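[1] structure for this input, please:
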Amino acid sequence: MGTKDITEKALEDYNDVFADIVNVLLFNGEEVVRQDQLIEGSPYSNYTENGKIRSQERDIYKYWNHNQLRLAAIGFENETKEEEDMPLRVMNYDAAGYRAQISNGDDMRYPVVSLVLYYGYKKKWSKAKTLYDRLEVPDNLKEYVFDYGMNLFEIAYLEDSVVDKFQSDFKFVADYFVQMRKTGKYIAPNEKIIHVQEMLSLMSALTDDSRFTDVYEDIKGKERISMCTVLDEIETRGIEKGIEKGIEKGRDNTLIALVHDGLLSVEIAADRAGVSIDEFKVMMKKVYN
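    The predicted structure is shown next:
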């Protein structure tokens, strides 16, 4: 994803969301990690390259404690595109976590766990998943070169039964990508969003679609906000923008764009445009063919 603003990481940084992701992906939805057991860890670590000290930054990093005993350090990496060197990056992040334990001056040792959350929905991850996948290891060296894997979770390819186990706002994110992978269209649920601005910021970052964050100022005062509220506001803003620019049939053009982007079904768009489904499809062909 490249450099991400802190607001784009903020949703997963909430302890309720972080714990929810860990519990669903690692513990089948069982509440093993509680949000009150999580404390912030520094996402920054240093390494030396060509004699110079450089820094690296993880997306999200937290410590899991229980009764003042540190059980683990857990980090997330968000990826929208495949990266061939991801196993090497994860190994480096984990090594930095263990190096910090050696440097802290006490004898406490605990596991470092990294989760790679991949949001691509047009195809599954096909790049390296382990060190062996990335390296050319001569056969006579294999017994001396230990393999190293990564915990890869392809969010768009989660089963519906897994998505249903999410209790936090991350459920909306996972549901969006699963729907887009299956049908290329998104039917918004009407459940209430808790962390509205943070959820929309993450959606905007993952989809590279600024419309999710553009509408926040218009909906933030509402008592109950769902993804239906968000998409309705996106549609309204699109229509108003079309009218301001003097675009003929601004509403129809906006509906067509929303269907094309997978944010609205043809059936709903046709109903809102006051035409049949077949007529609406003809309208779309004139714009995109």
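[2] how near is Asn65 to Glu267?
    Distance from Asn65 to Glu267, counting by C-beta to C-beta, to the nearest Å: 50 Å. Glycine gets a C-beta too; all of them are placed from N, C-alpha and C.
[3] show me the shaky parts of the stretch 1-150 of the chain.
    Counting by pLDDT under 70, the stretch 1-150 of the chain contains low-confidence ranges at 1-7, 44-55.
[4] which residue ranges of it form strands?
    With strands called from DSSP state E, counting those that start in this stretch, the stretch 1-150 of the chain shows them at 38-40, 44-49, 52-57, 60-66, 69-79, 112-118.
[5] can I get those strands in a markdown table including mean neighbour count and distance to Gly97?
    Listed next are the strands of the stretch 1-150 of the chain as a markdown table, based on neighbours: other C-beta atoms under 10 Å; distance: least, C-beta to C-beta, whole Å:
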| stretch | mean neighbour count | distance to Gly97 |
| --- | --- | --- |
| strand 38-40 | 14 | 14 |
| strand 44-49 | 11 | 8 |
| strand 52-57 | 10 | 12 |
| strand 60-66 | 19 | 8 |
| strand 69-79 | 19 | 5 |
| strand 112-118 | 20 | 4 |
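[6] for Gly29, which of these is the nearest?
    Closest to Gly29 of the strands of the stretch 1-150 of the chain, according to C-beta to C-beta: strand 112-118, at 15.4 Å.
[7] which residue, other than its chain neighbours, is closest to Tyr176?
    Once flanking residues are discounted, Tyr176 sits nearest to Tyr186: 5.8 Å by C-beta to C-beta, 6 or more residues apart in numbering.
[8] correction: Gly29
    Distances taken as C-beta to C-beta, 6+ apart place Lys165 nearest to Gly29, at 3.5 Å, with adjacent residues excluded.
[9] burial count for Lys123?
    By the criterion of other C-beta atoms under 10 Å, Lys123 has 11 neighbours.
[10] next up, phi/psi of it, please.
    Main-chain torsions, Lys123, degrees, to the nearest 10: phi -160, psi 160.
[11] and the gap between it and Arg181?
    Separation of Lys123 from Arg181 (C-beta to C-beta) stands at 9 Å.
[12] can you check Asp208 too?
    Between Asp208 and Arg181 the computed distance is 17 Å (C-beta to C-beta).
[13] please apply the same query to Phe76.
    Phe76 sits 20 Å away from Arg181, going by C-beta to C-beta.
[14] which stretch among the strands of the stretch 1-150 of the chain comes nearest Val24?
    Evaluated over the strands of the stretch 1-150 of the chain, closeness to Val24 peaks at strand 112-118, with 10.9 Å, by C-beta to C-beta.
[15] can you give me the offset of that closest one from its chain's centre?
    Counting by C-alpha atoms, centre = their mean, to the nearest Å, strand 112-118 is centred 12 Å from the centre of its parent chain.
[16] compute the number of surrounding residues for Lys185.
    Residues lying near Lys185 (other C-beta under 10 Å) number 17.
[17] where does the closest residue to it other than its chain neighbours land in three-state SS?
    Closest residue in space to Lys185, ignoring its immediate chain neighbours: Gly262 at 4.8 Å, by C-beta to C-beta, 6+ apart. In three-state terms, and counting by DSSP: H, G, I helix; E, B strand; the rest coil, Gly262 is coil.
[18] residues contacting Gly262?
    For Gly262, the contacting residues are Met180, Thr183, Gly184, Lys185, Tyr186, by C-beta atoms under 8 Å, 6 or more residues apart in numbering.
[19] got a pLDDT number for it?
    pLDDT, Gly262: 81.
[20] hmm, Ile39 is touching Tyr61, no?
    No - Ile39 is not in contact with Tyr61 according to C-beta atoms under 8 Å; the separation is 10.6 Å.
[21] okay, now the domains of this structure?
    Listed domain ranges for the chain are 1-168, 184-289 (source: automatic domain parsing).
[22] can you add distance to Ala174 and give these back as CSV?
    Listed next are the domains of the chain as CSV, based on distance: least, C-beta to C-beta, whole Å:
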stretch, distance to Ala174
domain 1-168, 5
domain 184-289, 11
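[23] ok, which of the ones you listed comes nearest Tyr176?
    Between Tyr176 and the domains of the chain, the shortest separation by C-beta to C-beta is 5.8 Å, and it involves domain 184-289.
[24] does Asp218 belong to a helix or a strand, and which?
    Assigned by DSSP states H and E, Asp218 falls within helix 216-219.
[25] pull out the buried residues from that helix.
    The neighbour-count check on helix 216-219 (16 or more other C-beta atoms under 10 Å) flags Tyr216, Ile219 as buried.
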